[in-house]
Structures are given as structure tokens and as C-alpha cells.
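>>> please find the sequence and the predicted model below.
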Amino acid sequence: MAGTSVPGPDTVVSLSSAKAFLGSRPVLRGIDLSVHRGEVVALLGANGSGKSTAVRAMVGQVALASGSLELFGVPQRRFRDWARIGYVPQRTTAAGGVPATVREVVTAGRLARTRLGPVRRADRLAVDAALDMVGMHDRAKDSVDALSGGQHQRVLIARALAGSPELLIMDEPMAGVDLAGQEVLAGILREQVARETTVLLVLHELGPLEPLIDRAVVLRDGCVVHDGPPPEAVGQHALPGHDHVHPHADAAAETIRTGLLS
Amino acid sequence: MEILEYAFMQRALLAAVLVGITAPAIGIYLVQRRQAIMGDGIGHVAMTGVALGFLFSTSPVWMATVVAVIGAVGMELIRSRGRTSGDIALALLFYGGMAGGVMIINLAPNGSTGNLLTYLFGSITTVAPADITAICVLAAFVVATTVGLRRQLFAVCQDEEFARVSGLPVRLLNLLIAVTAAVTVTVAMRIVGLLLVSAMMVIPVAAAQRVSRGFAATLATAVAIGVSVSLTGTVTTFYVNAPSGAAIVLLSVAVFLAFTAAAVPLTRKRARRAAAAAERCTLEEEGGTPPQGDDVKV
Ligand SMILES: Nc1ncnc2c1ncn2[C@@H]1O[C@H](COP(=O)(O)OP(=O)(O)OP(=O)(O)O)[C@@H](O)[C@H]1O
Ligand SMILES: [Mg+2]
């Protein structure tokens, strides 16, 4: 799909002229961004360009000062069908004051479906499947505090997958994940794409996901500066704020550095 | 045991069991949210309620419940706004509640600050027959909330943003936590006392998490600790003339220290078991992905 951000009948997310402030600071300065059914869209941009804010606005966690937002064709204000969305927040280091097992955290991903009701067999099976997908089944009973950063990230991904969502929104799912982990994620995405799940990913580099990405949207200072096929060059050095080593030349070295100790 | 033959002791022990269950059961959510101080604040505010009970000659338990709930809801509203001035607002509420209690009790006919004392540190002889009904009803509410909604409350306390994106009624659940904490304070006030109730919400949970790895396990262990120390403490003060709250809290501190000491060999044992498991597979990447070229270098 070579489409750009033009809303249509198959639009899953549509932000138009969206403006948002954090404190008194304008962080989104009129963004148009649509994601269509079955698409895999990468949201790129330098640190502080507003990617997380755009994504958090989509899931209703940042109020828009102006502009409009529709989810599955319903204005966000009236949207209630949260089970259709799986959200992976940008990982925070702040852990809760009480330990929780991997399984307990992933089970929270079913809450959009169970709501205030009990956990049933189908829920347990979905949690098992999600843990399998990210390869964390053998750690299900361990405390999440005892995991590495990359493993923690996988748990958050499993939590989103456990709800079997139609739209997956992931904020930097690759942060701190080694090359093997990135391949695992690429495999998960391939599987999700085969099920016609729509995916919006915030990324810093495309890495092993590159062949899966249909479209890239690049933000700079709260504005969309590119919306179209992921241009090979834009993948890395054309982006502002990308001071990484070259991924193609040096992928292995890069992952060893970020992955091994995480 | 002959102590069970005294009617006041039967009531005290029943109340002690209920405190042992309810205080850690709600406390775990406060600890998870790093909001352990809240129980303390509600305890202070409830003093005004107790004093109002004296002033109007109504049941101090119900009056304290009403005032504590109002105070807790206020604290939750301050917390959810996330104002930087929140600290000051909370301090006003805490100390206003305490000073209000002392002021009002002295206005009550034949009331004096001394009347408040048994409510501050707990006393096994004060659990009146009328109180026990109130305590049972309130404890049933606390257990129903903290156990029945544990997955939802866990999600709200663990990752509030995710809970909201799951469509949970987060604001309502937060208010429910505040109200339940307030109700727990009045359940605990006779046996543990208003100034020590927060200890029973926090210390059993802190002790339990020394040895447990999951939330459900921590909850179960904390309740077991809570019931043990509050029963033991209540029985102790049958023989030793001291406020029951002091005995119970000292016992839970002792349990905390014992669990902390026990946790060291336990983690070592777990680590050894994990190391033994790791030895078996040498080259395989954890996560079960097929080995790749790069792994050899790693
Ligand atoms: N709570 C806040 N109050 C005020 N400004 C904020 C707040 N949080 C973030 N900002 C600002 O908003 C801008 C966008 O932040 P955002 O988190 O959306 O960036 P991002 O593109 O996700 O960056 P990163 O790649 O580091 O995750 C940044 O300039 C940041 O300084
Ligand atoms: Mg971000």
C-alpha cells in the first residue's frame, strides 16, 4: 500500500490537524496522520519530536487542543471499544512497589475484554499464546523486576498481544532489544500482518522490520515532514537526531552493544 | 483456652482477625502505588470523626467511617490532579483532622483528650457488641473489593495509563481504593488504633514481598502475616497491660526482620537453581529462537 495519510472508509486511526500541548509547550503542531486497515506504519523522528505524544493522543492519554481524532471511524471521545487496540507504552523504568510475575502483567492485557468480570479459560489460553509468541513462557512465574530491559520490553509486547487486538500501537518496542529479539518481533509482526492486524510502530531504526513496513511517517518538532514509502536513506542518516552507527554496515556490532548487557 | 471464655475477648479476637485480613489486603495496593502514607493520613482525619461521634453521642465507628471516607476521597482527588501543591494540601488535611479531633472531643459533654487515647493505639477491651456488627459489615466490604476486583485494582496501581487504555473505569476504581482504605481504617481503629493502622497496611506487605515473586503470592502471604500478628498481639495484651496496637505493630516489625533475614538464603537458593538450569543449555538463545549467525559472536 503506497497510500499517504488520506482518510478513507478503511481508516483505523485518523488524526487531522491535531495540536497538543504538554504544559505550555506546543508538542504537536497540526499533524495529519492516518493508518489504514492492514497497514504497517512506522512513526519515525528524533528524540523529542513528538512521537510518543502523537501515539498517546491516539489512545486518549493526551488531550488534543484542536483538530480531530477518529478510531475505527468513531470520534475518539465516543470510542469505547478498547479491546480492539493493543498498546505498548514506551518503557518506563519506574516499577511498582510490589513484585508481580510476568504472567500477572501479561494477564492485565485481557482486561479490555474481561472488564470487571473473571478470568476464563479463553483468557488463560490467550495469555499462554502471547507468552509463547514473545518466547517468555519459561519465565512466566518470575518477577518482572528480575528481567532484563529487553525481556521487560517483550513482556509489555505480550501484554498487548494477549488482547488479540485489531490495531497494535507500539511505542519503541525495539528499545534495548538485541538482534535476536528484533527477529522475534519481526516474526510476531509477520504473524499479525497475516491476521490482518493493523500496526503502528514508533521506531528509531527499521532494522529487521524494514521489509514489513508499508509506510513511514517522519515527525520533526511536532510536524509531519515525510509521509510515504520508507525511503532507504530516510531510514537512518537523513533523519534529524540520528547519530547512530550505520545499521547496514555494522548491525551486528550495534546489537552486541545494545543487546548483550540489557 | 480460658481467655476465650470472656465475651470481650471473643469480640477482640474476631476484630483482630478482620484487621489482619483487611489492612494488608488494601495496603498492598497503596504500597504498589507508593502511596503508603495515605493510610496514615486517613487515620489522622478519622480522629475528627471519632470526636464527632462523642459530641453527638452516636457510634464513633460509623461517624469515623463517614469522615474518613470524605477525607480519603479528598486525598484521592488531590492525588489524581497531580498538583505540585498536593503535599501542602495533604498536610492541611492530616493535621487539620488531628487538631479537629482534639478540639471537638474537648467540646463534647464530659469529653476529654483522654477519651481519644484508646482510639489512637487500640485497646482490646473497647470492642463493644455494637461495634462488632459494624466491623463485620465494613470488613466484608473491604474483602469483597480487594479480592473480587484484584485484577482490575492491580492493573490500575501497576500501570494506570495502560488500565485507562484498556477501557477500565480508572477514576472510579481509584476512588474505590480510597474509600476502601478509609473503611479499613475504621475496621482497624479499635484493635490497632488510628495512629498505627497504617503500619498494618504496610509492614505485612513489605515483609511478604521479601519472599514472594508475584502479586497474588504477596497478597496471600501478607494476609497470613497480618492475621498471625494481630491475633498474637491481641492475646499478648490480654496478659500484658498495654495498648494492643503497639504489641501488634512490634510483632509485625519482628516478622519483617525475620523475613528479611530469611530472604537472603532463599534468593541464594533460587539463584543456584537458576544457574543449574542454565548450565544445561549452552548455545541456545533464551526465548527459543533458532540460533542465528550473530549469536556465535555473542
Ligand atoms: N510532561 C511534559 N511537560 C512538558 N513538556 C514535555 C513533557 N513530556 C514531554 N515533553 C516535551 O514534549 C516533546 C515531545 O515529547 P515526546 O515524548 O512525544 O517525544 P518522542 O518523539 O517520543 O521522543 P523519544 O524519541 O525520546 O521518545 C519533547 O520536546 C519533550 O521535551
Ligand atoms: Mg517517545
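That came through, no problem. Ligands and ions are numbered 1, 2, ... in the order given.
>>> wondering if stretch A:39-53 reaches ligand 2 at all.
Yes - Stretch A:39-53 lies within reach of ligand 2 by Cβ under 5 Å from the ion, at A:Ser52. Where C-beta positions appear, they are placed from N, C-alpha and C, glycine not excepted.
>>> which elements pack onto the top helix by length along chain B?
When chain B is parsed with DSSP state H, its longest helix is helix B:244-280. In terms of contacts (3 or more Cβ pairs under 8 Å, 6 or more residues apart in numbering or on different chains; DSSP states H and E), helix B:244-280 is packed against helix B:7-32, helix B:113-121, helix B:197-211, helix B:215-239.
>>> the shortest one vs helix B:244-280, what angle?
Read that as helix B:113-121. Orientation check (axes from the mean of the first three to the mean of the last three Cα atoms, to 10 degrees): helix B:113-121 against helix B:244-280 gives 20 degrees.
>>> please identify the most buried of the helices and strands packed on helix B:244-280.
Highest mean neighbour count among these (mean count of other Cβ atoms under 10 Å in any protein chain shown): helix B:197-211, with a mean of 26.
>>> give me the spatial nearest neighbour of A:Ala140, chain neighbours excluded.
A:Arg103 (4.3 Å; Cβ to Cβ, 6 or more residues apart in numbering or on different chains).
>>> please, which helix or strand holds that neighbour?
A:Arg103 is part of helix A:102-107 when elements are defined by DSSP states H and E.
>>> elements contacting that helix?
Partner elements for helix A:102-107 (3+ Cβ pairs under 8 Å, 6+ apart): helix A:121-133, helix A:149-162, helix B:150-158.
>>> make a markdown table from those helices and add distance to A:Ala20 to it.
Converted to a markdown table, the helices and strands packed on helix A:102-107 look like this (distance: least, Cβ to Cβ, whole Å):
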| stretch | distance to A:Ala20 |
| --- | --- |
| helix A:121-133 | 31 |
| helix A:149-162 | 23 |
| helix B:150-158 | 24 |
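>>> select, out of the ones you listed, the one closest to ligand 1.
Nearest to ligand 1 among the helices and strands packed on helix A:102-107 is helix A:149-162 (13.8 Å), distances taken as Cβ to the nearest ligand atom.
>>> how about that closest one and chain B, touching?
Yes - residues of helix A:149-162 are located near chain B by Cβ under 8 Å from any Cβ of the partner chain, namely A:154, A:159.
>>> show me what contacts the residue of chain A found nearest ligand 2?
Closest contact between chain A and ligand 2, by Cβ to the ion, is at A:Ser52 (3.0 Å). Applying Cβ atoms under 8 Å, 6 or more residues apart in numbering or on different chains to A:Ser52 gives the contacts A:90, A:171, A:202.
>>> hey, what's the second one bridged with?
Beta-bridge partners for A:Asp171, by DSSP bridges, are A:Val202.
>>> how much space between it and B:Ala216?
Computed as Cβ to Cβ, to the nearest Å, the A:Asp171 to B:Ala216 distance reads 28 Å.
>>> repeat that for A:Leu111.
From A:Leu111 over to B:Ala216 (counting by Cβ to Cβ), the distance is 16 Å.
>>> the residue in the stretch 151-298 of chain B positioned nearest to ligand 1 - how many residues pack around it?
Nearest to ligand 1 in the stretch 151-298 of chain B, going by Cβ to the nearest ligand atom, is B:Glu161, at a distance of 12.9 Å. When neighbours are counted by other Cβ atoms under 10 Å in any protein chain shown, B:Glu161 registers 15.
>>> ok, it - contacts?
A:56, A:61, A:89.
>>> circling back: and the contacts of A:Ser52 near ligand 1, which?
A:Gln90 (Cβ under 6 Å from any ligand atom).
>>> could you dump the contacts of A:Ser52 to TSV with neighbour count?
Shown next, in TSV, are these (neighbours: other Cβ atoms under 10 Å in any protein chain shown):
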residue	neighbour count
A:Gln90	16
A:Asp171	22
A:Val202	23
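>>> the contacts of A:Ser52: which ones sit near ligand 2?
A:Gln90.
>>> now tabulate the contacts of A:Ser52 in CSV and tack on pLDDT.
Listed next are these as CSV, based on pLDDT from 0 to 100:
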residue, pLDDT
A:Gln90, 89
A:Asp171, 95
A:Val202, 96
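>>> and which of the contacts of A:Ser52 is nearest B:Ala7?
Taking Cβ to Cβ as the measure, A:Gln90 is the one of these closest to B:Ala7, at 59.6 Å.
>>> I'd say the closest one and A:Leu201 touch.
No - shown here, A:Gln90 and A:Leu201 do not form a contact pair, counting by Cβ atoms under 8 Å, at 11.7 Å.
>>> give the contact list for A:Asp221.
By Cβ under 8 Å, 6+ apart, the neighbours of A:Asp221 are A:29, A:49-50.
>>> backbone phi and psi for it, please?
phi 50, psi 40 (degrees, to the nearest 10).
>>> separation between it and ligand 1?
8 Å (Cβ to the nearest ligand atom, to the nearest Å).
>>> please tell me how far that residue sits from A:Arg29.
7 Å.
>>> and what of A:Arg159?
A:Arg159 is 32 Å from A:Arg29, by Cβ to Cβ.
>>> which of the two has more neighbours?
More crowded of A:Arg159 and A:Arg29, by other Cβ under 10 Å: A:Arg159, with 29 against 16.
>>> so that one touches A:Val106, yeah?
Yes - taking contacts as Cβ under 8 Å, A:Arg159 lies within contact range of A:Val106: 4.9 Å.
>>> which neighbours do these two have in common?
A:Ala130.
>>> go through the one helix or strand B:Leu176 maps to and flag the buried ones.
Taking DSSP H and E as the criterion, B:Leu176 maps to helix B:170-188. By 16 or more other Cβ atoms under 10 Å in any protein chain shown, the buried positions in helix B:170-188 come out as B:170, B:173-188.
>>> many thanks, I have nothing further to ask.
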